[in-house]
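*Asks:* Show me the folded form of this:
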Amino acid sequence: MPSIQKLIFLLTLSSLFTGCQSKPDSIQAETIDIHNEAPQDLVPVDDYFEFVEFVKLKMPPKHFVAYIDKIQTFQNHLYIHDSQSNKLLLFDKNGNFKKQIGVNGQGPGEYSEIDVFYVDPYRQEIVVYDNGNQKTIYYDYIGNFLHQSKYGFYFGNRILLNKDTSILFTKGYNNQHLTKGENYKFIFANRENKIFKGVEKYENRLLSLAGDGVLQNFFKYDNKILFYEFFSDTISEINEYTRKPRYLLKFNKNPSKTIFYDNPTIKYSANKAIKENYPFVASFFIETQKGCFLNYIYNNGMTHFVVYDKNTKNTKINTKSIAFKNSSMPMPEFWSGEFLVSTMNAETVKFFRDISPLVKQNTSEEDTDENTNPVLVFFKPK
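*Replies:* Numbering: from 1, shown residues only. Have a look, this model is predicted:
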């Protein structure tokens, strides 16, 4: 389960180092009004999810999944990045461990860090980006090494726009040598990692430090790509080579302004930001046919889950759990590309077994042992 303390630390640094940025094309965005809604003990989600499935992760003896920061699903396989151990793990749909994909190192098929990974559904490949070595590593979808290549630029997050093109969020990294002397927020690259377009110039090249291996910026559902930038109240839609505001998140107070301080005031500013007004930070935002689902961190460090009904325009917020089939369930934390996913460690399983018939039915006392691996809960949107 993601560490709130780790997120707060990294995201606070981001607010101090992100420069002035150009705005997306100005059009009318739909407002999701959150600030008038008081958090509820249980938010019913039966109208938005088709089913819930429990999957117990099974690892070899004395091996554990320590810190999950990304889950992706493809063809009945689970791909999990454990950032604490810097491992990419492959499981079948029932949670049985199949193999570790690649290993730490400098050789062929090896990586020093997994900065970004995704499954390419067009070519049925796993793609790993190692920014430190500027290396792209390709595996088949069951984890066998295929080949690797070098690239000469840096980025924070990346997603496939179509079968031939990727869009990259640069986070302020300097790629001017590839974009005719200009630095862009977004750059587009082909299958061979050749940059052919940049959009939205940065006015100042100030590096954002948050996001690598912690939070995602891009979210894709039903071929629609949404983008969220940290410390922003706007969810944008990526369409071809432009982005346009899709939703405006209206909270009970505005997110913190982006501020940059030269040393030695950074330490003072960071302490001030944490103490006075830690801003809203979204860890995922998904739009389906019936509603929108948002998981965000408030300035008190508490995670909130929001359900926005696209028909009624009503918003419901929860800080503890959601309700499915009259049972309490843990709030979703990840978007896998197909499912919203919750992770339950031993302590969480124990808590929900005491209050939730559905959790008790699908877990065991063994899952409450601190020396066991997580249980995942998959929610299928309608």
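*Asks:* Assign residue 142 to helix, strand or coil.
*Replies:* At residue 142 the chain is in coil, as set by DSSP: H, G, I helix; E, B strand; the rest coil.
*Asks:* so who does it touch?
*Replies:* Applying C-beta atoms under 8 Å, 6 or more residues apart in numbering to residue 142 gives the contacts 77, 90, 98, 99. The way it works is simple: take the backbone N, C-alpha and C, and place the C-beta from them, glycine included.
*Asks:* Quickly name whichever of these is closest to residue 155.
*Replies:* residue 90 (24.7 Å; C-beta to C-beta).
*Asks:* Excluding chain neighbours, what is closest to the closest one?
*Replies:* Nearest residue to residue 90, sequence neighbours excluded (C-beta to C-beta, 6 or more residues apart in numbering): residue 98, at 4.5 Å.
*Asks:* Any chance you could list what contacts the helix or strand harbouring that neighbour?
*Replies:* Here residue 98 sits within strand 97-100, counting by DSSP states H and E. Here strand 97-100 makes contact (C-beta under 8 Å, 6+ apart) with 57-60, 63, 77, 87-92, 142-143.
*Asks:* average pLDDT for stretch 116-129?
*Replies:* Confidence over stretch 116-129 (mean pLDDT, whole number) is 94.
*Asks:* Buried residues of that stretch, list them for me.
*Replies:* 116, 117, 118, 119, 120, 126, 127, 128, 129 (16 or more other C-beta atoms under 10 Å).
*Asks:* can you pull up the bridge partners for the closest residue to residue 233 other than its chain neighbours?
*Replies:* With sequence-adjacent residues excluded and distances taken as C-beta to C-beta, 6+ apart, residue 233 is closest to residue 249, at 4.6 Å. As for beta bridges, residue 249 partners with residue 32 under DSSP bridges.
*Asks:* So the residue nearest to residue 90 versus residue 91, what's the distance?
*Replies:* Separation of residue 98 from residue 91 (C-beta to C-beta, to the nearest Å): 6 Å.
*Asks:* Give the residues shared as contacts by those two.
*Replies:* Joint contacts of residue 98 and residue 91 (C-beta under 8 Å, 6+ apart) are residue 77.
*Asks:* Low-confidence regions, the stretch 201-350 of the chain specifically.
*Replies:* The stretch 201-350 of the chain contains residues with pLDDT under 70 at 203-215, 231, 252-281, 298-301.
*Asks:* could you pull out the helices for it?
*Replies:* Assigned helices in the stretch 201-350 of the chain, in chain order: 266-276, 346-353 (criterion: DSSP state H, counting those that start in this stretch).
*Asks:* All the helices of the stretch 1-150 of the chain, residue numbers only.
*Replies:* 4-17.
*Asks:* low-scoring stretches of it, by residue?
*Replies:* 1-27, 35-39, 41.
*Asks:* higher neighbour count, residue 98 and residue 91?
*Replies:* Taking other C-beta atoms under 10 Å, residue 98 and residue 91 do not tie; residue 91 has more neighbours (22 against 13).
*Asks:* So in terms of bridging, what pairs with that one?
*Replies:* residue 78, residue 97.
*Asks:* Likewise for residue 87?
*Replies:* Note on residue 87: beta-bridge partners by DSSP bridges are residue 82.
*Asks:* Please tell me how far it sits from residue 318.
*Replies:* 32 Å.
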